[in-house]
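Asker: give me the fold of what follows.
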Amino acid sequence: MENPLIASLTTAVQAAPDDVPLRLHLAGLLIDAERGTEAVVHLGVVLGQQPDSTQARELMAKALGGGTPTAPAAPRDEPAPPAHETERPAKPEEGSRGASEFDWSHAEQQLGDAVPPMFVDGSEDSTAPPPPAYDVERQDLRLSDVGGLTEVKKRLNASFLAPLRNEELRKLYGKSLRGGLLLYGPPGCGKTFLAKAIAGELGAAFLHVSLADVLDMYIGKSEQNVKELFEIARSSAPCVLFFDELDAIGMRRSQMRGSSQRGTVNQLLEELDGVGSENEGVYVLGATNHPWDVDPALRRPGRLDRTLLVLPPDQAAREAILTTHLRSRPVERIDVRRMAKLTDGYSGADLAHICESAAEIALMDSVETGNVRMITMADMEAALRDVRPSIGPWMETARNVALYANESGEYDDLAKFLRKRGRG
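Answerer: Just a heads-up that it's a prediction; the model follows:
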């Protein structure tokens, strides 16, 4: 039968959970009633609040069997004195274990889940694998998904894809897989999209590397990041390792003011020199708007030695891009062919902006009139009047390079394009 005093004190403790003397008194009664497991719960709460409480330690030792009296004590009418008024027992002799020095580890094992441990060091999570530092993707894109760019696809196939696909012919003609490919051209023309399509054609994983993935404020960390990226690519082979904005990661060392970033370029060179041997199955691609700012050592044979100019989309590509961006929107009677003719010299990003602006015009008109309507050709033409080609500044810089810094002929394709545009 339930002891009425214990029941009453239990109710009182629930009403005043921070009352330490009351909880100690209840624990003592529970121990006397041979209900040590229940007492341990209350004593664990007290020790969590007052770890140095001698009375709580002594009662805990009794509850765990280290000092339980042989005969139950009579119920006490007076509450136990506060912990700070309890006299500290004399220090036990050396070699003996007093009531206040019982084995806490053994106590926690006996308690099980009754009282959680007061402190943890995190060692139970040390075996958990760390989160991946970089995302390795799988691409479903193919070159057929890239609209237009016929000449780019031909050169890409001849210089990069065909030797990789036809191993016997490659060996017959002694075609080396050593080296990588550098895509360059105006911003917003789909170099990243093209790199993903290459990974899809090869059936390879795709690891996209940006400036933030490499550069670090701490000395030596950037070099470590480059090394780790190549190690991830090797472990995921076949893998396309794509460095976006390569001119920022591999800037000309002669233009650097400090030595910290030079180490990054040196580490990148060291890792690239492994292409074709320890980097078997790792295909290195780079993309940049300004190849003339890339360190020349990165473009030597065996490294990023093949370059491919990715120009603004031709008419067929512009039709495909416009159709893609309008496909999921409510449109009617849009003459995509005419829009493609009117947008000569626009980048893919510019075309996406035109579609977005036309949708915005139709949306605002629907809000103002209260009648939801479709996106029309008039909206597309109005957007076209507001959106101008964004590659103008790049064209001016490229013109100076093609005219005055093309002694080696590496920018002949660029010079030819500029002459067609009347900029040569």
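Asker: any idea which strand is longest in this structure?
Answerer: strand 282-288 (DSSP state E).
Asker: helices or strands up against that one?
Answerer: Secondary-structure packing of strand 282-288 (3 or more C-beta pairs under 8 Å, 6 or more residues apart in numbering; DSSP states H and E): strand 181-184, helix 191-202, helix 221-235, strand 239-243, helix 246-249. C-beta: built from backbone N, CA, C; applies to glycine.
Asker: Met364: which of the ones you listed is closest?
Answerer: helix 191-202 (30.1 Å; C-beta to C-beta).
Asker: and the strands in the stretch 201-350 of the chain?
Answerer: Under the criterion DSSP state E, counting those that start in this stretch, the stretch 201-350 of the chain contains strands at 205-209, 239-243, 282-288, 306-309.
Asker: could you do the stretch 1-150 of the chain as well?
Answerer: 136-138.
Asker: show me the helices in it, by range?
Answerer: Counting by DSSP state H, counting those that start in this stretch, the stretch 1-150 of the chain has helices at residues 4-15, 20-32, 36-49, 54-63, 104-111, 150-156.
Asker: quick one: contacts for Gly286?
Answerer: 180-183, 242-243, 246, 250, 294, 298, 304 (C-beta atoms under 8 Å, 6 or more residues apart in numbering).
Asker: now the helix or strand harbouring Arg419: average pLDDT?
Answerer: For Arg419, the element it lies in under DSSP states H and E is helix 412-420. Summarised as a single mean, pLDDT over helix 412-420 is 89.
Asker: tell me how far Arg57 lies from Lys221.
Answerer: 49 Å (C-beta to C-beta, to the nearest Å).
Asker: ok, now Leu322?
Answerer: 44 Å.
Asker: those two: which is more packed in?
Answerer: Leu322 (25 against 13; other C-beta atoms under 10 Å).
Asker: hang on, isn't that one packed against Val336?
Answerer: Yes: with contact defined as C-beta atoms under 8 Å, Leu322 counts as touching Val336 (5.1 Å).
Asker: still on that earlier bit, tell me the one among the contacts of Gly286 nearest to Ala15.
Answerer: Phe242 (65.8 Å).
Asker: what residues are up against that closest one?
Answerer: 192, 195-196, 199, 206-209, 285-287.
Asker: mind doing that once more with 10 Å?
Answerer: 180-181, 183, 191-192, 195-196, 198-199, 206-210, 233, 283-287 (C-beta atoms under 10 Å, 6 or more residues apart in numbering).
Asker: from the residues you listed, list the buried ones, please.
Answerer: 180-181, 183, 191, 195-196, 198-199, 206-209, 233, 283-287 (16 or more other C-beta atoms under 10 Å).
Asker: for Asp135, find the nearest of the strands of the stretch 201-350 of the chain.
Answerer: strand 205-209 (7.7 Å).
Asker: please parse this protein into its domains.
Answerer: 4-119, 136-309, 315-386 (automatic domain parsing).
Asker: could you list the low-pLDDT ranges of the chain?
Answerer: Scanning the chain with the threshold set as pLDDT under 70 gives 1-2, 66-134, 176-179, 257-260, 274-277, 423-424.
Asker: and the next helix or strand past the longest helix belonging to it?
Answerer: Looking across the chain with DSSP state H, the single longest helix is helix 348-369. In the C-terminal direction, the helix or strand that comes right after helix 348-369 (DSSP H and E) is helix 377-386.
Asker: how about that following helix: buried residues?
Answerer: 377, 379-380, 382-384.
Asker: how big is the angle separating the helix or strand just after that helix from helix 412-420?
Answerer: Counting by DSSP H and E, the element after helix 377-386 in chain order, helix or strand, is helix 392-404. Computed with axes from the mean of the first three to the mean of the last three C-alpha atoms, to 10 degrees, the direction of helix 392-404 lies at 110 degrees from that of helix 412-420.
Asker: which strands or helices does helix 392-404 pack on?
Answerer: With contacts taken as 3 or more C-beta pairs under 10 Å, 6 or more residues apart in numbering; DSSP states H and E, helix 392-404 sits against helix 412-420.
Asker: how about the helix it packs on: buried residues?
Answerer: 413-415, 417-418.
Asker: name the nearest of the residues you listed relative to Gln139.
Answerer: Among the buried residues of helix 412-420, and counting by C-beta to C-beta, the member closest to Gln139 is Asp413, at 26.4 Å.
Asker: how much space is there between the closest one and Glu151?
Answerer: Plainly put, Asp413 is 9 Å away from Glu151 if you go by C-beta to C-beta.
Asker: need the residues touching each of these two.
Answerer: Contacts common to Asp413 and Glu151, judged by C-beta under 10 Å, 6+ apart, are 308-309, 311.
Asker: and stretch 390-400, what's buried?
Answerer: Buried residues in stretch 390-400 (16+ other C-beta under 10 Å): 390-391, 394-395, 398-399.
Asker: no no, stretch 346-356
Answerer: For stretch 346-356, using 16+ other C-beta under 10 Å, the buried residues are 346-348, 350-355.
Asker: try stretch 26-34
Answerer: 26-33.
Asker: how about JSON lines for those residues, with distance to Leu172 added?
Answerer: Formatted as JSON lines, the buried residues of stretch 26-34 follow (distance: C-beta to C-beta, whole Å):
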{"residue": "Leu26", "distance to Leu172": "90"}
{"residue": "Ala27", "distance to Leu172": "88"}
{"residue": "Gly28", "distance to Leu172": "93"}
{"residue": "Leu29", "distance to Leu172": "94"}
{"residue": "Leu30", "distance to Leu172": "89"}
{"residue": "Ile31", "distance to Leu172": "90"}
{"residue": "Asp32", "distance to Leu172": "94"}
{"residue": "Ala33", "distance to Leu172": "93"}
